[in-house]
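Student: when you get a sec, could you give me coordinates for this:
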Amino acid sequence: MKDSDIMLLSSLRANARDTLTNISKKIKVPVSTIFDRLKLHEKGLIQKHTSIIDFSKLGFSTRANIILKVNKDDKEELRKFLLGNWNINSVVRINNGYDFLAEAVFKNILELEQFCEILDERFRIKSKQIFYIIEDLKREEFLANPTLAAMVI
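Tutor: Okay, here's the model as predicted:
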């Protein structure tokens, strides 16, 4: 990957709504090149353009990371359930004795507890840990600082 690609990605990570003209000035690459590289990277490297939202301002004040270990026979069904549930913001497969880590968003703790009851009723959960997210200290920052991204090059 070219140095200019890393700098383009860093600029997008810092502010995906910045204009290509501004990015061009910052990283000293022609706009046409940036446009072409962006289109190329959108076909594989860039998975999704998205916004990070403060859910509490929408009335969703409870966020938690739920770590689950489930009976082997229920693993695929649980995966489908988590992927299809609108309260689940992110799901990843994990190791070290667990199967999934799900970031969940709810209006309140009662809704989270009801969700957990559904999990317990529908699936043979072997182990479940819930970690309430109190405060985001750093989120989606990897490669977002052009100075630090230059170290990758």
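
Student: residue contacts, F60?
Tutor: Contacts were defined as CB atoms under 8 Å, 6 or more residues apart in numbering; by that measure F60 touches V105, F106, K107. For every residue, glycine as well, the C-beta is placed using N, CA and C.

Student: I'd like the distance between it and M151.
Tutor: Distance of F60 to M151, given as CB to CB, to the nearest Å: 36 Å.

Student: and the chain, what are its domains?
Tutor: Per automatic domain parsing, the structural domains of the chain span 3-50, 56-132.

Student: of those domains, which is nearest K138?
Tutor: domain 3-50 (12.7 Å; CB to CB).

Student: now do the closest one: distance from first to last residue.
Tutor: Terminal residues of domain 3-50 lie 24 Å apart, using CA to CA, to the nearest Å.

Student: mind checking the pLDDT average for that domain?
Tutor: Per-region confidence: domain 3-50 scores 93 on mean pLDDT.

Student: offset the numbering so it begins at 677, please.
Tutor: Taking 677 as the first residue, the last one we looked at is domain 679-726.

Student: sorry, back to before: would you list the domains of the chain in JSON lines and tack on distance to E816?
Tutor: Listed next are the domains of the chain as JSON lines, based on distance: least, CB to CB, whole Å:
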{"stretch": "domain 679-726", "distance to E816": "7"}
{"stretch": "domain 732-808", "distance to E816": "11"}
